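Visitor: Sequence plus the predicted model coming up.
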Number of protein chains: 2
Amino acid sequence: MTDSEQYMKEALVEAQKAFDAGEVPIGAVMVRNGEIIARGYNLRNTAKNPLCHAEIDVINKAAGIVGDWRLEDCTLYVTVEPCPMCAGAIVQARIPKVIFGTRNSKAGCAGSIMNLLDEPRFNHQVIVEEGILQEECSQFMRLFFKRFRKNGEAMLTEA
Amino acid sequence: MTDSEQYMKEALVEAQKAFDAGEVPIGAVMVRNGEIIARGYNLRNTAKNPLCHAEIDVINKAAGIVGDWRLEDCTLYVTVEPCPMCAGAIVQARIPKVIFGTRNSKAGCAGSIMNLLDEPRFNHQVIVEEGILQEECSQFMRLFFKRFRKNGEAMLTEA
């Protein structure tokens, strides 16, 4: 298993926590000098807060640890392609490299709908790698939406 | 003075706090049912945190007050056009309307570089109004960058 796969596996551990909490199962870790300095996962519904995406969580924690708004020697691993908010936060934090597991075809802004991480008009561009443990990352999402639909149908039946 | 100008004046009060703290002078308020429920300003350098933009601050506070990640009956007033992160957060929070004072030609994502607030491929579009107290909002920015350049030159002279 490569280093990237190892870090993505840790991001998947975080995604599992989101899944267990009934949240869209997305997890992330921030790596600096070969060490995981922050871990986080999506908690939007539980926290009732639109900012509580996995990436925002780890950027917030990492800034506290690094002691700077510039996370210039960090690499972000996240199980699913970032949304516009998280892609924008990655640019704001000057993170040089982002590695994600699977695409989000409906809202992904690191190549799917658009690519905010490699936008020449911004003052920072990010190196993006994708597809690390893609199958595991996407399977989590499929399982979640399968359960979501099942619960949704049950609720409709009960109503 | 119209209601919109009154709310923007309050956003300018917040921008003044950022200016006094030596930060890029951007302020914001969140309005719900004619009442300001949250106020905030840019504090990125002081907080050493890339997330500490005025808009993120008020969205975070407003979500706590509303008790929901959906801020569907709120209007955001901000003195300067949102960056990609803040525009993305506005979309995530399902805020229906944003009013900003002056454009950010270098990083603005509500019409300048691009318009993430009115992107048909996202699942939410935002009504945008601009130019409310434009002169006051842009003057703050000009004053800041004038002081910034002056201090920068002083530092260069001292070095």
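Guide: Cool, the structure landed. Numbering: from 1, shown residues only, chains lettered A, B, ... in the order given.
Visitor: ok, which stretches of chain A are helices?
Guide: Ranges of helices within chain A are A:3-20, A:44-47, A:54-66, A:84-92, A:134-158, based on DSSP state H.
Visitor: could you dump those to TSV with distance to chain B?
Guide: Quick note: C-beta positions are derived from backbone N, CA and C, even for glycine. Converted to TSV, these look like this (distance: least, CB to the nearest CB, whole Å):
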stretch	distance to chain B
helix A:3-20	14
helix A:44-47	5
helix A:54-66	4
helix A:84-92	3
helix A:134-158	15
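Visitor: Those into JSON lines, with extra columns for mean pLDDT?
Guide: Putting those into JSON lines (pLDDT from 0 to 100) gives the following:
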{"stretch": "helix A:3-20", "mean pLDDT": "97"}
{"stretch": "helix A:44-47", "mean pLDDT": "97"}
{"stretch": "helix A:54-66", "mean pLDDT": "98"}
{"stretch": "helix A:84-92", "mean pLDDT": "98"}
{"stretch": "helix A:134-158", "mean pLDDT": "76"}
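Visitor: which of these is buried the deepest?
Guide: Per-stretch averages of neighbours, counted by mean count of other CB atoms under 10 Å in any protein chain shown, single out helix A:84-92 among these, with a mean of 29.
Visitor: Packing partners of it?
Guide: Judged by 3 or more CB pairs under 8 Å, 6 or more residues apart in numbering or on different chains; DSSP states H and E, the packing partners of helix A:84-92 are helix A:54-66, helix B:84-92.
Visitor: could I get those as a markdown table with distance to residue B:7?
Guide: As requested, the helices and strands packed on helix A:84-92 are exported to a markdown table (distance: least, CB to CB, whole Å):
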| stretch | distance to residue B:7 |
| --- | --- |
| helix A:54-66 | 26 |
| helix B:84-92 | 16 |
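Visitor: Residue A:121 is nearest to which of the ones you listed?
Guide: Residue A:121 lies closest to helix B:84-92 among the helices and strands packed on helix A:84-92, at 10.2 Å (CB to CB).
Visitor: what bridges to the residue most central in space within chain A?
Guide: In chain A, the residue lying closest to the centroid (CA atoms, centre = their mean) is residue A:78, at 3.7 Å. Here residue A:78 shows beta-bridge partners residue A:28, residue A:100, assigned using DSSP bridges.
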